[in-house]
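Engineer: Fold the following.
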Amino acid sequence: MFSLIGTLLIGLVVGFIARAIKPGNDSMGWIMTALLGVAGSFLASYVGVAMGWYQQGDAAGWIASILGSIVLLFIYGLIKKN
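Structural biologist: Numbering: from 1, shown residues only. Presented below is the predicted three-dimensional model:
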């Protein structure tokens, strides 16, 4: 239970950092920001395992999670624009 709450809180922080770094107006609520951060962490972990940077089951670091969130934020912006 606490790991899920911790994951969501870390996702929220990562999402806010990604939104602050990426230029442009990203109008979304804090729930979408948290989901973006959590998804960015999962994306960074998946890419890290595929590239051999992480072992299976390892969590991505903060920087990789933020970069994954920025990538997802760009994709979200492209989808929302259309």
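Engineer: Averaged over its residues, which helix or strand of the protein has the lowest pLDDT?
Structural biologist: helix 2-21 (a mean of 77; mean pLDDT, DSSP states H and E).
Engineer: List the buried residues for that one?
Structural biologist: 7, 10, 11, 12, 13, 14, 15, 16, 17, 18, 19 (16 or more other Cβ atoms under 10 Å). (Glycine included, C-beta is placed from N, CA and C.)
Engineer: which of the residues in the helix or strand just after it are buried?
Structural biologist: Per DSSP states H and E, the first helix or strand lying C-terminal to helix 2-21 is helix 30-51. Under the neighbour-count criterion of 16+ other Cβ under 10 Å, helix 30-51 has 33-45, 47-48 buried.
Engineer: Now the one residue sitting closest to the centre of the chain: closest residue in space, sequence neighbours ignored.
Structural biologist: Central residue of the chain (Cα atoms, centre = their mean): residue 40, 2.4 Å from the mean position. The shortest distance from residue 40 to any residue other than its chain neighbours is 2.9 Å, reached at residue 69 (Cβ to Cβ, 6 or more residues apart in numbering).
Engineer: what sits against the residue nearest to residue 13 when sequence neighbours are not counted?
Structural biologist: Distance criterion Cβ to Cβ, 6+ apart; nearest residue to residue 13, sequence neighbours excluded, is residue 37 at 6.8 Å. By Cβ atoms under 8 Å, 6 or more residues apart in numbering, the contact list for residue 37 reads 10, 11, 12, 13, 14, 15, 16, 18, 65, 69.
Engineer: do residue 56 as well
Structural biologist: Contacts for residue 56 (Cβ under 8 Å, 6+ apart) come out as residue 49.
Engineer: 10 Å instead, please
Structural biologist: When contacts are counted by Cβ atoms under 10 Å, 6 or more residues apart in numbering, residue 56 touches 45, 49.
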